[in-house]
Structure formats: structure tokens, C-alpha cells
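Chemist: Sequence and computational prediction follow.
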Amino acid sequence: MTVNGAAASLEATAEVPASGEVVGRVLGTQAASPLSFWVGLEPGKVLQLDDVVVTRREVPGYGPVLMAGVVSTVEARHEGAAYDSDVFLIADGALPAAVVEVAEVRVTRVEPEVFVPPLPGATVYLARGGDRDQALYFDVMERRVPLGMGRDGQPLYVNFDFLDGTRGAHVSISGVSGVATKTSFATFLLYSIFNSGVLRDESANTKALIFSVKGEDLLFLDHDNLRLDESARGVYGRLGLPARAFGSVHVFAPPRPGDPNGVPHVAARTQGVSAFYWTLVEFCAEELLRFVFADADDERAGYSLLVGQVAARLKAWAEPVGDGGAVMVRGTACRTFADLVELLSDELQDEAGRQEWTGAQTPLGTVNAFLRRLRSAVRALSPIIRGDLPFYRNHSVSTSDAQVSIVDLHNLPERAQRFVVGVVLRGEFHRKESSGTARPLLFVVLDELNKYAPREGDSPIKEILLDVAERGRSLGVILIGAQQTASEVERRIVSNSAVRVAGRLDPAEAARSEYGWLPPAVRERATIAKPGTMFVAQPEIPVPLAVAFPFPAWATRPAEAAARAATATSEDPFKGLPGVEDDIPPF
Amino acid sequence: MTGFTVDPWDPGYAAALAVEALSELGATSAELVLDVERPAADWKPVTPGPSAAAPGTLLVADGVRRIDARVWVHDDDAPMPLPGIAASYAAGIVRCGPDGAELAAIDVHRTLISASPLTPEVKTAHAVYRPSRAAGSAFDELSLALQRQVTQSEVDLAVRHRSASDDLLLVDGPLRGRTHLPRTVGYIKTHHTAYLPSPQSAVVAALGPGQRTPVFLMGTSWRRHAWYLRLPVQSSAPWAGIARCEASADLDAGEVARLADAVTLALPALAGVDYKDPRAPQNLVPIGGLEKLLRHHLGDARLLYRSLRNASR
């Protein structure tokens, strides 16, 4: 079996014998069925939740049938005690009684598919090597991506067919903020995809776009983590992954407020950073006005028609002025977003002007509501919609610069975050649409999906996200969405995700039907899951896998960041000179 | 042709003859020596002294029996078949120590008892019933024959286990047949005969919980040391919670007093509670637990009954 080409680590399959140690026998006091059965444990043997076990049964006409499953419940009790107070008598040595431990196993695989129950008394083994691979379908995964370690200390995988669009796409990650480690898991998943060899010769061209809303945590993805110890390295080794930082990272940050040169607003990072903003020319030409009204409330307010009309007029009437991206609209020059809003305000409040801008009779109340909403956006959007910065500077968010592009949103108000997410997503989606090929893939990591694609209401961003969820699979745009509450996210987006992940869940949230893919015992356990433990469901495996993903090999905060590898830069003869973006000759 | 037929009557029917009363049969007149520990005139309740200590580990032996079926044993030469019983019985020893109570040894037997010399060995799908012979065909005699086998099995097990350890062994029931075993005490829950004369039996009624009477020597069909003790009990009836213990007649007065003190200290902690056990407090918790275990080891009664009926065809 070759998996993921040469990079795959098959040590588990090669070294451990097919059946591990005997742990117990199938119980006869509880009915055994082809889908679940109970195991009585031998004294001194332990099974814990999520352990993988196998048993076999000789079936006439079929030969040995392997029944493999995952432990879903473990129980211990006194056998022979009738009253609760008997526990003291038993502990004091007065009443003879036996301590028994039993475990419930949910069957994941029957091979060959002969659905007969295991016979009571049949020996049950802890699954190792080939048996474990069979139980969890790893043997039929041609391209598998390491997810992390199982409770048994062996690697767990996800089938890449369900990530890259071959048979499914998109990942939905849910969990309580702070302890669920959603972003860390999404980053690890990306790292695993890029470095496990599943991408083969596309690995260099496959891109990731991460929208970062959580401070500057993600700005050090390309720095080695100083706190990575030997045991964590060992985990990476067993997963078949190198323990290193992301190779190629570019950060896009909004311009620093008030800075005349549009320097990126990032404190902790100096290299591989550029500022992003849109010029007024682009704002008018690409009809970005609708992303200013990207709230669900805006759709209800009834001025969406007006927004479309004004955007169309701007596209038609705005002419570039100078080289800073400023526009001239009907004889008035606008150098800032505030100028543009002022212009629109003047024109629309004028009776004649309103006729020309809106084309038809528009109630004054609607116009006023539109203007009120537009004015309130000035403060939020002024830093990123500009006409006063040198136009030749590269200022757009693009995924072509590096493998991982990070759009840092944490310095922006919510209104501006929506604008950026909407415009960037639309741009990338259209680029993939027009390129006509799904490959190479683009992974988009977006946290707080419930904000951008809420279950109720409509917005331009939700439209784009729905487009990504429904057509992205064929266009090669893979959404890795994260949210605190999947119940508040548009149902079609969650249901289109082939891979579902849950970290620590709020107990009330865990009870909702959106988490029906978690069996009741797992759902209960998800409310006490530790940071770093995720439950991953994929279409092929009938139970979610409990995964502990390794400590990040890249820095997640400035204190952890090692200096960028010196060997790489010392070969650069222009070392020490200012970077390309920082100092472009003015000609 | 010799064979047997299973009687369709419920096996438990008419089996209510008290097993313990059977074992006491023949205890008609008792020879008593009251001044083993103290003069007969000076009898009073004894509280174990500070030098006495409860044993760290206590072995408890007991046996259980169950009649699986009433059968008819065929004899072609006899005008009518003879009645018999198919029974399962088990003897076991439980070790109560600081590490908990565990089953130390167990013996399970099954037998088919009748007065007929042609009693067959019955092999069923689940168990084998070995033939044995009773003195007569009356149910009492069959039951007594079974009880003898149970007692013999208990004795065999105790003797076998005694060679492996020398912890204090508490035997459920009279010590009959086991008096030669060292450090072994018989434990009698029920009282069918008043052995003590009236001034001394008043001392029994005056016992407080955890106290015992002085040791006395009694001889019925065999001789043994004995004493009464009272277990903790809610009831204030005069003989509530009273149990009798027996030890070998070969021990000297000092040894038997030490043994009596040790047992008197050990037993109150093991007394049963009335809402859990209708025979509390005399039915000690380890004995109750052991009986439950032994009954469990006897197997499922309905299964055995069915297999016996199948085998009889």
C-alpha cells in the first residue's frame, strides 16, 4: 500500500503485528448486534473511550469476518452488590463481590460485509497496525492527511478526497471561543495538507487565504516555535510531517491610520507585510458600494435597489484623477472616502440630482436612510478606501505572493471587516471562476462564519459564501469555516461541509440538532474537551474521531518566535538592504 | 431398563425442612461442663479485654444446596419406580482481609439421590449428576443424604484449604466432623435446643452487643467447646442477635478463651442489617455474600431442569 507517495510514514502498519493485545471478551448478558456490542474486560486490562478494538467471527461460507469498532462507553461496577451501602462492606472486606469493567463498542467496519453479530465469548483485541487501519478505513484512503494523534497514540487521518473536491469539500469547525482552539486546528490542517505530500506536484501552487480576526497570533506562521520540545517533534515525526514553520507567508494589513504613506498597521512583524486598501477608482469601477451595506439589516432596510443604482452611476461617471487613485465625479474631485460620501450626500439631497442618480422616483425616506447608513460607514472605511496614496504601490490582497496569505482584520471595525472579507472573497472567487480550472486549490480560512453567513437574513457576503459552499468544490475554492455556534450559521453552508469538526462545545449548543453527527456520548464529552482535542467527522467513518493535534511547530506569539532561519537569508547578497516593498525607486 | 423420570412438581415443594434442624438431629441430652473459663456460680457477660485482637484475616466457609428436580428412578423388576432428587450443591471459602473479600476456594457438585441401587449417572448437556444412595425413599431421608454430602464437601474443602493457610476459619453450622482442624470455629445462627440451665441462660439474655458468655464444654454425640455471643441488633427481645460458636474440645482453657475473644471482636463488624437480610444479624455479611456467590455457581435452575427433562426422555 502506498499512501501519499514517498512522504507517507507507514511505520505503524509495518512494525506492529496485526492484532494487538487481548483486552476482553464479547458479553453475552448484553445483546450483541452487528452495529454495537459490549466487551467485558479482562482483569488488569483497560479500554478507554475512542480505543479501537477488533474481533473476528468465522462465518460459514464467508470465512473470517472482521468486526472493528470504537469504544463509545466504558463502565465499571460491583457485581454482587444489591444495595448502595454494600460498597462499604465490599471495601472493608466483609462482602465478597467482583469489580467488573465493561465497554460498549460502536462498530465502524465489518469486512467482508456480512452483518452478523460477534458471538458472546469471542476474544476482543486492541486494534493495531493493519487492523486499526481497516477499522478506521485508513486502508482505503489513497491520499490521507494526518489530523493528529488518537487516544491510543497512533496517527489519525482524514481522506483528502473529501477535502479537495474529489468527493466532497469544505470543513466546518465549531467550538467555544478560547478553549476550542479552532484557529489552531485550521492552521494545523493547512500545514498538514501542504506538508504531507497529498498535493504531490501541486504543493507549491496550492494557496491558502486566512482571514485573521484574533490579534496578531497568526502573523508568525513562518517563524519556528522556540517552545517546541522533543516530544512534540516526535509527534510530528510519527505523523509523517516535518516539524517546522510555514515556508511562505505574506501578511496583508490595513494602512496605519493617519500615516501619509500607507504603512501597514502591524506592530510585531516587519518582513513580508504589505498594506491593503482600495482606491476610489477601484471602488467606483468594481461597484464595491454594495459591500458597504453588507449587514443583514441593510438587506431589510429596502434601499438595496438604491445601492445598486448609485453604484452603477459611480461606475459610469467616475473618472480617475491624478495618480493617487482619486476620482472626479460630475466635476467634483474626491480624494478620500469622506469626500465621496459628501458628494453623494449633496447630489442626492438635491431634487434634480436625485432624479439623475436614481433614475426613478425614490422616496426621500429611503434616500435619507441610505445616506445615514453611508455616513456611518465613513469612519470605519476611510482607512481602507483611499484616493490619497501613491497609486503605483501594490495595495491589493492577492494570493499570488506566497503560499499562505493572511489578511489581518483585527485592527478594523466590524463594518470594515465585512467589507474586506466580502471584496477579497469575491475577487478570489471570480479569479478562480475565470481561470477555468479547479487546480491548484485555494483554501480559505474564515472564523466567525456566523457573522458573515448568518442563518437569518441576506447579505452580499452570505451570497458569496453560499456560492463558495455550493460551487467552490468544482472551482477549487475550499472553505475552512469556523464558528462558535453552528446553529447560527446558514444551514446550506454547514451541510455542504464534508468534514465536520467540534472542539469544546457549550452544553446548550451541543444539544442542538446541528450536532447530530456527534453521538450522544461524544456530545457530552465535547462539553469537557480540553484545548487541543477535536472531534472530527468525515463521510467515510461512521463515528467521529477524537484527535489531539500536536503543539504548533510555528510561533503563535512574538515570545515564541525564533529568528527567521539565518541560513536562508545569508545566501542573499542583498542582505541588509531595504526590502522591495519598503523602498521602490520613484521612477 | 434403568432410567429416571423428572417429576413435574416444583422441586422446591416440601423441601422446606430446616437444614440446620437436620444437622442438629440426635442432639438429645447434652453433657455440660460450665466451669471451663469461670466457676458456674460466677457466670457473667464477658467483654474481650484490651489484650485481645480481632484476626487480620478471617476465612468463612459455607455450603449451599438446591434441589434441581424431583425424579423417579425406574427399576424394571420393581412394581413402581422409586422417588429421588437431582440436586446441585456447592461449598466455598471466602477470605475477608484488608484487601477485600474474595472467593478463596469453591467446589460445585451435582448428584442424583435415591434409595434405588440402580440410580443412574445422568449426563445432561450442561452438567453431570453423579449417583448416590439414600437410606430410604422418604423425602426427609433423601434431603438428609443430600445434607450429608454438602457437609462432607464443606469438610473436604476446609481440610484442603487448611493445609494451605492457618488464618482463623469460621464454619457456618456446627463443627461436627471438623473438630480436629486447628483455629476453626463453628458458627450456629439458630437455636433449637436450650443447652444451658436456667441461671446461665439468664446470662445469655443479659449480654450486650459485642459481649459473650464464658466458654463451656458440651458433649452431645461429640464434645466441643462453645460460647454464646450477641451481635449488634435493633430489637430488644432477650435472645435477639444471639449466636453460638463452637471450637475444638482439645484446646486448653486459655487457648479457647483467646479464640473466643478474637471471634467476639471480629463478628460484630460482619453482622447483617435487617432490611437487607431477613436473617440478620446472625446471617453474617460474608456468609450472605458467599451464599449468593455459591448459588450463582450452581447455575441457572431452569436451564438445569430443562436439560434434566431432556436427558430423561
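Modeler: In hand now; what should we look at? Numbering: from 1, shown residues only, chains lettered A, B, ... in the order given.

Chemist: which secondary structure element contains residue A:345?
Modeler: Using DSSP states H and E, residue A:345 falls within helix A:337-349.

Chemist: Tell me the confidence at residue A:392?
Modeler: At residue A:392, the model reports a pLDDT of 55.

Chemist: ok so, going back, alpha carbons of the helix holding residue A:345, in CSV - could you do that?
Modeler: Extracted in CSV, the C-alpha atoms of helix A:337-349 (Å, rounded to 0.1, in the frame of the first residue of the first chain):
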residue,chain,number,x,y,z
PHE,A,337,-13.9,58.2,1.1
ALA,A,338,-15.4,61.0,3.1
ASP,A,339,-15.2,63.3,0.1
LEU,A,340,-17.1,60.7,-2.0
VAL,A,341,-19.8,60.3,0.7
GLU,A,342,-20.1,64.1,1.0
LEU,A,343,-20.6,64.3,-2.8
LEU,A,344,-23.2,61.6,-2.8
SER,A,345,-25.0,63.3,0.1
ASP,A,346,-25.1,66.7,-1.7
GLU,A,347,-26.2,65.2,-5.0
LEU,A,348,-28.9,63.0,-3.6
GLN,A,349,-30.4,65.7,-1.3
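
Chemist: residues contacting the residue in the stretch 1-150 of chain B positioned nearest to chain A?
Modeler: Ranked by C-beta to the nearest C-beta, the top residue of the stretch 1-150 of chain B for proximity to chain A is residue B:101, at 4.1 Å. For every residue, glycine as well, the C-beta is placed using N, CA and C. Counting by C-beta atoms under 8 Å, 6 or more residues apart in numbering or on different chains, residue B:101 touches A:90, A:93, A:94, A:95, A:96, A:97, B:94, B:95, B:286, B:289.

Chemist: Check residue A:328 too.
Modeler: A:318, A:319, A:320, A:321, A:334.

Chemist: Now, of the residues you listed, which are buried?
Modeler: A:318, A:320, A:321, A:334 (16 or more other C-beta atoms under 10 Å in any protein chain shown).

Chemist: so how many other residues sit close to the closest residue to the first one other than its chain neighbours?
Modeler: Translated: residue A:318. Nearest non-adjacent residue to residue A:318, counting by C-beta to C-beta, 6 or more residues apart in numbering or on different chains: residue A:284, 3.6 Å away. By other C-beta atoms under 10 Å in any protein chain shown, the residues close to residue A:284 number 23.

Chemist: Could you measure from residue A:332 over to chain B?
Modeler: Computed as C-beta to the nearest C-beta, to the nearest Å, the residue A:332 to chain B distance reads 93 Å.

Chemist: Show me the beta-bridge partners of that residue.
Modeler: residue A:329 (DSSP bridges).

Chemist: hang on, isn't residue B:64 packed against residue B:89?
Modeler: Yes. Judged on C-beta atoms under 8 Å, residue B:64 makes contact with residue B:89 at a distance of 6.6 Å.

Chemist: Distance check, the residue in chain A sticking out farthest from the centre against residue B:60.
Modeler: Ranked by distance from the centre of chain A (C-alpha atoms, centre = their mean), the top residue is residue A:94, with 57.2 Å. Separation of residue A:94 from residue B:60 (C-beta to C-beta, to the nearest Å) stands at 10 Å.

Chemist: Between those two, which contacts overlap?
Modeler: B:96, B:284, B:286.

Chemist: Not counting its neighbours along the chain, what's nearest the last one?
Modeler: In other words, residue B:286. Using C-beta to C-beta, 6+ apart, the closest residue to residue B:286 is residue B:60 (4.4 Å).

Chemist: For the one you found, list each beta-bridge partner.
Modeler: With DSSP bridges as the rule, residue B:60 is bridged to residue B:94, residue B:170.

Chemist: Isn't it up against residue B:290?
Modeler: Yes. Between residue B:60 and residue B:290 a contact is recorded at 6.2 Å, counting by C-beta under 8 Å.

Chemist: who's more crowded, the two?
Modeler: Neighbour count, other C-beta under 10 Å: between residue B:60 and residue B:290, residue B:290 has more, with 29 against 26.

Chemist: ok, that one touching residue B:59?
Modeler: No. Between residue B:290 and residue B:59 there is no contact under C-beta under 8 Å: 10.5 Å.

Chemist: Now the common contact residues for those two.
Modeler: Counting by C-beta under 8 Å, 6+ apart, the contacts common to residue B:290 and residue B:59 are B:93, B:94.

Chemist: The single longest helix found in chain B close to chain A?
Modeler: Longest helix in chain B by number of residues (criterion: DSSP state H): helix B:139-162. No. Using C-beta under 8 Å from any C-beta of the partner chain, no contact is recorded between helix B:139-162 and chain A, whose separation bottoms out at 15.1 Å.

Chemist: ok, back up a step: ok, residues contacting the helix or strand following the helix holding residue A:345?
Modeler: On the C-terminal side of helix A:337-349, the closest following helix or strand by DSSP H and E is helix A:351-358. Helix A:351-358 has contacts (C-beta under 8 Å, 6+ apart) with A:306, A:309, A:310, A:313, A:344, A:346, A:347, A:348, A:362, A:367.

Chemist: and which of those is nearest chain B?
Modeler: Closest to chain B, out of all of these and judged by C-beta to the nearest C-beta, is residue A:306, at 81.5 Å.

Chemist: Looks like that closest one contacts residue A:364 (just checking).
Modeler: No. Using C-beta under 8 Å, residue A:306 is not in contact with residue A:364; the gap is 11.5 Å.

Chemist: neighbour count winner among those two?
Modeler: Per other C-beta under 10 Å, whichever of residue A:306 and residue A:364 has more neighbours is residue A:306, with 21 against 12.

Chemist: what does chain B put close to chain A?
Modeler: Counting by C-beta under 8 Å from any C-beta, the residues of chain B that sit close to chain A are B:94, B:96-103, B:269-270, B:276, B:284-286, B:288-290, B:292-293, B:296.
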